[in-house]
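**Student:** What would the 3D arrangement of this be:
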Amino acid sequence: MTNIYDNIEPEQPDEAVLEVIGRAIKLLEETQEERRKKEDEVRQLKSKEDEILIHQLPKWMKDAGLSEVKTSDGRKVSIKAFYSPKVVDYLSFEEYLKKNNEDAILKYSFHVPLSKDDTQKSDELREALENLGVDFTEDTEVHSMTLKKYVKEKDEAGEMDQLSSFIKINKFECAVIK
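**Tutor:** This is a model prediction of the structure:
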């Protein structure tokens, strides 16, 4: 890999610094292009794998009347079904399950976002759930973007030491090229 700092001394004029930055950007663009090509290669390889695993082998085995076979080198090849369902009409699905006495798979959960100003409401809700005998879990959270802003403000105020014992902070600088 080319070192972008070759032949550049810190004392040299601003033009030299601009040249280094220009070379760094060129190197970045070359690296990005190389990554894109490799990602395309990986996608093509994954497509070949899928063609063999999902289409060719199952078809050949099914045509031969096999659901499982042991190869000459001792490996076992089986045809198995995999499922990746996504409910698109949850209310109808729930109604179907209840109607068919299959609603035991339903799990009810409630997410009630309350701000710190809603302390009284959260206390009342907690008490009501306890009175109903409902098992519940209680979580508090800080949204990720709110946390980023909070940490940035603490850093700018020089108060990061206060956070380091309970927040893992990975701060880095990155060039932005537009």
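**Student:** now the helices: where do they sit in the protein?
**Tutor:** Counting by DSSP state H, the chain has helices at residues 14-50, 57-63, 90-99, 119-132, 144-156.
**Student:** Take these and write them to JSON lines, including mean neighbour count and distance to residue 82.
**Tutor:** C-beta here means a position set from N, CA and C on the backbone, and glycine is covered the same way. Shown next, in JSON lines, are those (neighbours: other CB atoms under 10 Å; distance: least, CB to CB, whole Å):
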{"stretch": "helix 14-50", "mean neighbour count": "11", "distance to residue 82": "12"}
{"stretch": "helix 57-63", "mean neighbour count": "13", "distance to residue 82": "11"}
{"stretch": "helix 90-99", "mean neighbour count": "11", "distance to residue 82": "20"}
{"stretch": "helix 119-132", "mean neighbour count": "11", "distance to residue 82": "38"}
{"stretch": "helix 144-156", "mean neighbour count": "11", "distance to residue 82": "32"}
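**Student:** Point out the one among these that comes closest to residue 171.
**Tutor:** Smallest distance to residue 171 across these (CB to CB): 7.1 Å, for helix 144-156.
**Student:** So which of the helices of the chain is nearest residue 113?
**Tutor:** Per CB to CB, nearest to residue 113 of those: helix 119-132, 10.3 Å.
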